[in-house]
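Student: Predicted coordinates and the sequence they were generated for:
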Amino acid sequence: MTSMEWDIKVPIFKHPIIRKQLLLAIGLPFGILFLFLLYLALLGNDDSAVYALGFVSFFFLLCAIIVPLVLPSYDLHLALGADGVLCENQPKQAKRLKRMRTLALILSLISKQPSAAGAAHLGTSRLRVFIPWKRIKKVAYRAKDSYIAISAGWTNTICLFCTPDNYEQVARLVRENTQPEAKVTGLEASS
């Protein structure tokens, strides 16, 4: 089997799969909270809902400004080998994320918020993900957006972000090594 490795910087707000995941992870909860607080504010019984609505809106806008400044891109090292697929953050970004986790852990301990400490730890728990070829259950080829999503279950997914130049080679290696019983979608566009 031919192995292949490459580094890629994926812009956070420009790639469709990342935008979709951010919308689900951040936009949906903020949207539901915003609508709930708006409903309470429109009832007009109490001004606290208006203040809460302002606070949530401010926090959301602050996050929308800070995230692109701190993490403008998703810097990945991807590798396909004889054993499986590896996806990990590039060393510089991994170091930055670990520092952010340490800061969040310290702040959560100072504020006596163990749930924040757990969230900080979970945020960096998947800086390196490896999926063996034999465990891959689903492959989605997306030639138009130059990525291939492979999944070994609900919580174990890797997006192989490719360049337009290496997409066909990556797709060929994934096709050659994926088990025949794996569910495949989008293959006709990448053949």
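Tutor: Good, I have the coordinates. Numbers count the residues shown, from 1 in each chain.

Student: Pull the number of nearby residues for the closest residue to residue 156 other than its chain neighbours.
Tutor: Nearest-residue entry for residue 156: residue 131, 6.2 Å, with adjacent residues in sequence omitted and distances by C-beta to C-beta, 6 or more residues apart in numbering. Quick note: C-beta positions are derived from backbone N, CA and C, even for glycine. For residue 131, the neighbour count with other C-beta atoms under 10 Å is 20.

Student: Next up, the contacts around residue 131.
Tutor: Going by C-beta atoms under 8 Å, 6 or more residues apart in numbering, residue 131 touches 84, 85, 150, 152, 156, 158.

Student: ok, now with 10 Å
Tutor: For residue 131, the contacting residues are 83-87, 137, 150-153, 156-158, by C-beta atoms under 10 Å, 6 or more residues apart in numbering.

Student: which residues pair with it across the strands?
Tutor: residue 85 (DSSP bridges).

Student: element containing the residue lying farthest from the centre of the chain, please.
Tutor: In terms of distance from the mean C-alpha position of the chain, residue 45 ranks first, at 39.9 Å (C-alpha atoms, centre = their mean). When elements are assigned from DSSP states H and E, residue 45 belongs to no helix and no strand.

Student: any idea how far residue 34 is from it?
Tutor: Distance, residue 45 to residue 34, using C-beta to C-beta, to the nearest Å: 18 Å.

Student: in the protein, which spans are helices?
Tutor: Using DSSP state H, the helices assigned to the chain run over residues 16-22, 28-43, 48-70, 91-110, 114-123, 167-177, 187-190.

Student: Residue 7 is nearest to which of the ones you listed?
Tutor: Proximity to residue 7 (C-beta to C-beta) singles out helix 91-110 among those, at 10.2 Å.

Student: list the buried ones in that closest one?
Tutor: By neighbour count on 16 or more other C-beta atoms under 10 Å, the buried set for helix 91-110 is 93, 94, 97, 101, 104, 105, 108.

Student: in this protein, what spans have low per-residue confidence?
Tutor: Residues of the chain that meet the criterion pLDDT under 70 lie in 1, 123-125, 188-191.

Student: quick one, what contacts residue 162?
Tutor: 6, 8, 78, 142-143, 145-148, 168-171.

Student: Just the closest of these to residue 185, please.
Tutor: The closest of those, once distances to residue 185 are taken by C-beta to C-beta, is residue 142, at 9.1 Å.

Student: so how far is residue 66 from the nearest residue to the closest one once chain neighbours are set aside?
Tutor: Among residues not flanking residue 142 along the chain, residue 186 sits closest, at 5.7 Å (C-beta to C-beta, 6+ apart). Distance, residue 186 to residue 66, by C-beta to C-beta: 34 Å.

Student: which one of the two has more residues nearby?
Tutor: Legend: neighbour count by other C-beta under 10 Å for residue 186 and residue 66, higher for residue 186 (16 against 10).
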